[in-house]
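K.L.:
mind looking at a prediction? Sequence and model below.
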Amino acid sequence: MNDAVLVDVADGVLVATINRPRVRNAVNRAVAEGLAAAMDRLDADPRLRAGIITGAGGFFCAGMDLTAFGAGERPTVEGRGFAGLVERPPATPLIAAVEGPALGGGTEIVLTCDLVVAAGSAVFGLPEVKRGLIAAGGGLLRLPGRVPYHRAMEIALLGERFTAADAHGFGMVNRLVADGAALATARELAARIAANGPLAVAATKQVLTAGWAADAEGFAGQAGPAQRVRESADAAEGARAFVEKRAPRWVGR
């Protein structure tokens, strides 16, 4: 890891903190590499059940570091894209804990996450059109799946900022919390995910992110993951724990 991204691991949860508050945690090459390494670790370690991305100093992320970009840096990692994750997010559930601005690429990082916790101070937006650009870090691809179609068009075509309350109102944010409470709330959600069967959680995210419809193709697609989970030792343990009225002891197989 590097100083641009701080990583903390505890109780099966990895927290990656973008650590460039002097530039509102704008993404440069070091941030992209640090987040990519954190996501690699999140997926490689079976003891890790969930991940959290947040920012230091009361800022989430102001997007791409334009000064570094102008100097020739590219804040991407091969195979993972911008910020080291937007083109290939981790298979492990990922939560955004947002305080302060999450603009441009910051909003695109948020959209990459599976759950979003936002403090009242959080501000989102895809202002690329105001600069003659498009939100090519996944923003335009993911936004219509996170918010209603016409709201997505408004956000993308006007390029204007919107608040955490707005985002919560149209379903982009799972939890709206007081300032300073985003990370603690994200940790609570991560702990609840971590308490569930790891194979079942992984397969559930796989099916949901595949985007299959509830038709013959969709049921055929989920059949493999469902069977692997159904035949696992964890599935048998879950049933035993239910009958015996105790917490399950997952083994991850």
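P.N.:
Okay, I see it. Numbers count the residues shown, from 1 in each chain.
K.L.:
buried set for the helix or strand of the chain with the lowest mean pLDDT?
P.N.:
Of all helical and strand segments in the chain, the minimum by mean pLDDT, DSSP states H and E falls on helix 66-70, at a mean of 84. Buried residues in helix 66-70, counting neighbours by 16 or more other Cβ atoms under 10 Å, are found at Ala68. C-beta here means a position set from N, CA and C on the backbone, and glycine is covered the same way.
K.L.:
packing partners of the following helix or strand past that helix?
P.N.:
Going down the chain from helix 66-70, the next helix or strand is strand 76-77, by DSSP states H and E. Packing partners of strand 76-77 (3 or more Cβ pairs under 8 Å, 6 or more residues apart in numbering; DSSP states H and E): helix 29-44.
K.L.:
quick one: the helices in this structure?
P.N.:
29-44, 66-70, 105-112, 139-146, 149-158, 164-169, 182-194, 198-210, 216-230, 233-244 (DSSP state H).
K.L.:
so which of the ones you listed gets nearest Gly57?
P.N.:
Closest approach to Gly57 among the helices of the chain (Cβ to Cβ): helix 182-194, 12.5 Å.
K.L.:
got phi/psi on Ile134?
P.N.:
Note on Ile134: its backbone torsions stand at phi -120, psi 160 [degrees, to the nearest 10].
K.L.:
most tightly surrounded among the helices of the chain?
P.N.:
Mean neighbour count (mean count of other Cβ atoms under 10 Å) peaks for helix 105-112 among the helices of the chain, with a mean of 28.
K.L.:
distance of the nearest residue to Val23 once chain neighbours are set aside from Val27?
P.N.:
Excluding the flanking residues, the one nearest Val23 by Cβ to Cβ, 6 or more residues apart in numbering is Asp65, at 6.2 Å. With distances taken as Cβ to Cβ, to the nearest Å, Asp65 is found 6 Å from Val27.
K.L.:
sorry, back to before: so for Ile52, which of the helices of the chain sits nearest?
P.N.:
Per Cβ to Cβ, nearest to Ile52 of the helices of the chain: helix 182-194, 4.8 Å.
K.L.:
which other helices and strands does the closest one contact?
P.N.:
By 3+ Cβ pairs under 8 Å, 6+ apart, helix 182-194 packs against strand 13-18, strand 50-55, strand 94-98, strand 115-119, strand 175-177.
K.L.:
mean pLDDT added to these, as CSV?
P.N.:
Formatted as CSV, the helices and strands packed on helix 182-194 follow (pLDDT from 0 to 100):
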stretch, mean pLDDT
strand 13-18, 98
strand 50-55, 98
strand 94-98, 98
strand 115-119, 98
strand 175-177, 98
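K.L.:
looking at these, which is closest to His150?
P.N.:
strand 115-119 (20.5 Å).
K.L.:
quick revisit: winner for burial among the helices and strands packed on helix 182-194?
P.N.:
Most buried among the helices and strands packed on helix 182-194, counting by mean count of other Cβ under 10 Å: strand 94-98, with a mean of 28.
K.L.:
rank the helices of the chain by pLDDT, which is bottom?
P.N.:
In terms of average pLDDT, helix 66-70 trails the rest of the helices of the chain, at a mean of 84.
K.L.:
gap between it and the chain center?
P.N.:
25 Å (Cα atoms, centre = their mean, to the nearest Å).
K.L.:
so which residues make contact with it?
P.N.:
Contact partners of helix 66-70, identified using Cβ atoms under 8 Å, 6 or more residues apart in numbering, comprise 23, 26, 28-29, 75.
K.L.:
and these, which are buried?
P.N.:
By 16+ other Cβ under 10 Å, the contacts of helix 66-70 give 26, 28-29, 75 as buried.
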